[in-house]
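> Quick one: sequence and predicted model below, then my questions.
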Amino acid sequence: MEVNDLELRISKVLRMGVLLSGLLLLLAWVLNTIDGTSLFIFKDYDHLELLSQLSIAYRNKQWGILIGFLGLGSLILLPVLRVTLTSILFFTEKEHKIGSISLLVLILLFISFLLGFKS
Amino acid sequence: MMLISIFAGFLGAILGLGGGIIVIPTLTLLFGIDIRYAIAASLVSIIATSSGAAASFLKDHLTNLRLAVVLEVGTVFGAIVGFLIASKIQNNWLFILFGSFLLYSSYAMFRRKNDSLTQENHPWSESLKLGSSYPVNGVLTNYGVPNLPLGIFIMTLAGSLSALLGIGSGVFKVMAMDGVMKLPLKVSSATSNFMIGVTASASAGAFFLRGDIRTEIAAPVAVGIIIGSFFGAKIMPKLPTQIIRQCFVAVMLIVAVQMIYKGFNYGS
């Protein structure tokens, strides 16, 4: 398999991922609009943990918010999935040097994630 | 908000930027949303621009996948360094320094009339087979990747700046590839677009788990950006390089002035 085929495969996964998260976010937006959510409440910063937001939304049956989080989560994970996939595909093609570099990016990405969580 | 997001995604896809310079002022100034929510939503918009356009650019042979992987080591490492030293650095001088640097670079970029194209490869680029080809008027044209170590160094700097200053560093990435590494502008823009998603996802993940990314704001922004970046990526290969360069210089000037202004008003 040529690198161009690899690019094509990764491009297909990315397209599907973007489409899926885009549709989820569109649905979330429509549901939030029906619920009558106003952006005015975000005029001032009010820290609320993700888990608290999820449990409040679940209790109040705010499906727009729940589906929105699902869409956002999948969108945020898409670049990580892309790096993982690139790494796997390069190793499969016995491109060890560039595969290892890709793996290094993935490790650095996780270190960066961990630092973010710790803060 | 949707229309402005579509425009931000469109411009971001063409220029290799995240669209944050449009999204953040719109959310804060037009909709009166708190800056922290705006920054968090802007991080999502960077990923949306990047992922939305990346599929098309990969298919059109504009993104250099191998080079993106190598340079991502620099940007992600830089983001970690930036995160670690953030509390020890006085940001106002950084804003002024890099704002002035951008001002000078925009002038240098404006003066350049011809697109970069070289067959020369750095030994590392040779070993990693980073040279590639891209379509010029429908014909695949080869290009080399010189000055790789300096390119990685600038990417590390760009990654640190994203973490230190809370900016998407697409401007610096395109500048490094176009100016220092002598890559064609369209390849630089597409490859930068591909990379910014990775840098942004690291920060976006943390913001997401902290609960700062609110779906009520981020959902319409992301949907708009995805639509805009899709069309931007379709149009970019057909646009003359000179027009992309002029748009890029204009955006660089805006970012430079914003950064210098922020530097002088920091903390006030």
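Done, it's in.

> how about the strand or helix carrying residue B:47: buried residues?
Assigned by DSSP states H and E, residue B:47 belongs to helix B:35-59. Neighbour-count burial for helix B:35-59 flags B:36-59 (criterion: 16 or more other C-beta atoms under 10 Å in any protein chain shown). For glycine as for every other residue, the C-beta is placed from the backbone atoms N, C-alpha and C.

> Near chain A, which residues of the stretch 151-268 of chain B are found?
Selection of the stretch 151-268 of chain B residues close to chain A by C-beta under 8 Å from any C-beta of the partner chain yields B:197-198, B:200-220, B:222-223, B:226.

> So which elements touch the helix holding residue B:47?
Contact partners of helix B:35-59 among helices and strands, from 3 or more C-beta pairs under 8 Å, 6 or more residues apart in numbering or on different chains; DSSP states H and E: helix A:3-35, helix A:63-92, helix B:2-15, helix B:20-25, helix B:185-210, helix B:215-235.

> On the three-state scheme, residue B:133 is what?
Here residue B:133 is recorded as strand under DSSP: H, G, I helix; E, B strand; the rest coil.

> That one contacts residue B:139, doesn't it?
No. If you go by C-beta atoms under 8 Å, residue B:133 and residue B:139 don't touch, sitting 9.3 Å apart.

> Neighbour count: these two, which is higher?
residue B:133 (13 against 8; other C-beta atoms under 10 Å in any protein chain shown).

> okay, the more buried one: pLDDT?
Predicted confidence (pLDDT) for residue B:133: 89.

> Nearest residue to it in space, please, no chain neighbours.
What sits nearest to residue B:133 in space, not counting adjacent residues and going by C-beta to C-beta, 6 or more residues apart in numbering or on different chains, is residue B:140, at 4.3 Å.

> and if you look at residue B:187?
residue B:134 (5.2 Å).

> Can you report how many residues neighbour that neighbour?
Residue B:134 sits with 21 neighbouring residues when counted by other C-beta under 10 Å.

> so who does it touch?
The neighbourhood of residue B:134, defined by C-beta atoms under 8 Å, 6 or more residues apart in numbering or on different chains, consists of B:61-62, B:140-141, B:143, B:184, B:186-187.

> what does residue A:40 give?
Contact analysis of residue A:40 by C-beta under 8 Å, 6+ apart lists residue B:32.

> which residues touch the residue positioned nearest the centre of chain A?
Central residue check for chain A by C-alpha atoms, centre = their mean: the C-alpha nearest the mean position is that of residue A:76, 2.2 Å away. By C-beta under 8 Å, 6+ apart, the residues touching residue A:76 are B:44, B:47, B:201, B:204-205, B:208.

> swap in residue A:21?
A:71-72, A:74-75, A:78, B:222.

> Of those residues - the most surrounded one?
Neighbour-wise, those (other C-beta under 10 Å) top out at residue B:222, 33 neighbours.

> Quickly note the distance from it to residue B:98.
Note on residue B:222: its distance to residue B:98, by C-beta to C-beta, to the nearest Å, is 28 Å.

> wait, which of the contacts of residue B:134 is closest to chain A?
Within those, proximity to chain A (C-beta to the nearest C-beta) peaks at residue B:61, which comes in at 7.4 Å.

> Provide the secondary structure category for the closest one.
Look at residue B:61: counting by three-state DSSP, its state is coil.

> So what's the residue count around it?
Neighbour count of residue B:61, defined by other C-beta under 10 Å: 18.

> Residue A:20 too?
The local packing of residue A:20 (other C-beta under 10 Å) involves 15 other residues.

> pretty sure residue A:101 is touching residue B:73, no?
Yes. Applying C-beta under 8 Å as the test, residue A:101 and residue B:73 come out as touching, 6.1 Å apart.

> quick one on the thing from earlier: could the contacts of residue A:76 go into CSV alongside pLDDT?
What follows is the contacts of residue A:76, written out as CSV (pLDDT from 0 to 100):
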residue, pLDDT
B:44, 86
B:47, 87
B:201, 83
B:204, 82
B:205, 81
B:208, 85
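
> pLDDT weak spots in chain A?
Scanning chain A for pLDDT under 70 picks out A:1-4, A:116-119.

> do that again at 50, thanks
Scanning chain A for pLDDT under 50 picks out A:1.

> now swap in the stretch 101-250 of chain B and tell me
Using pLDDT under 50, the stretch 101-250 of chain B has no residue that qualifies.

> ok, 70 please
Across the stretch 101-250 of chain B, the ranges flagged by pLDDT under 70 are B:112-115, B:165-168.

> Give me the three-state assignment for residue B:213.
Of the three states, residue B:213 takes coil under three-state DSSP.

> How about the contacts made by it?
By C-beta under 8 Å, 6+ apart, the contact list for residue B:213 reads A:72, B:40-41, B:43-44, B:204, B:207.

> Now it: closest residue in space, sequence neighbours ignored.
For residue B:213, ignoring the flanking residues on the chain, the nearest one in space by C-beta to C-beta, 6+ apart is residue B:40 at 4.5 Å.

> Let me see the confidence value for the one you found.
pLDDT for residue B:40: 83.

> Let me see the contact set for residue B:179.
B:105, B:108-109.

> and which of those is nearest to residue A:18?
Closest approach to residue A:18 among the contacts of residue B:179 (C-beta to C-beta): residue B:109, at 30.1 Å.

> That closest one and residue B:251 touch, don't they?
No. Counting by C-beta under 8 Å, residue B:109 stays clear of residue B:251, with 10.7 Å between them.

> what residues does the stretch 1-150 of chain B put near chain A?
So the stretch 1-150 of chain B meets chain A at B:31-34, B:36-37, B:44, B:47-48, B:50-52, B:54-56, B:58-59, B:61, B:63, B:65-66, B:69-70, B:72-73, B:76-77, B:79-80, B:83-84, B:127-129 (C-beta under 8 Å from any C-beta).
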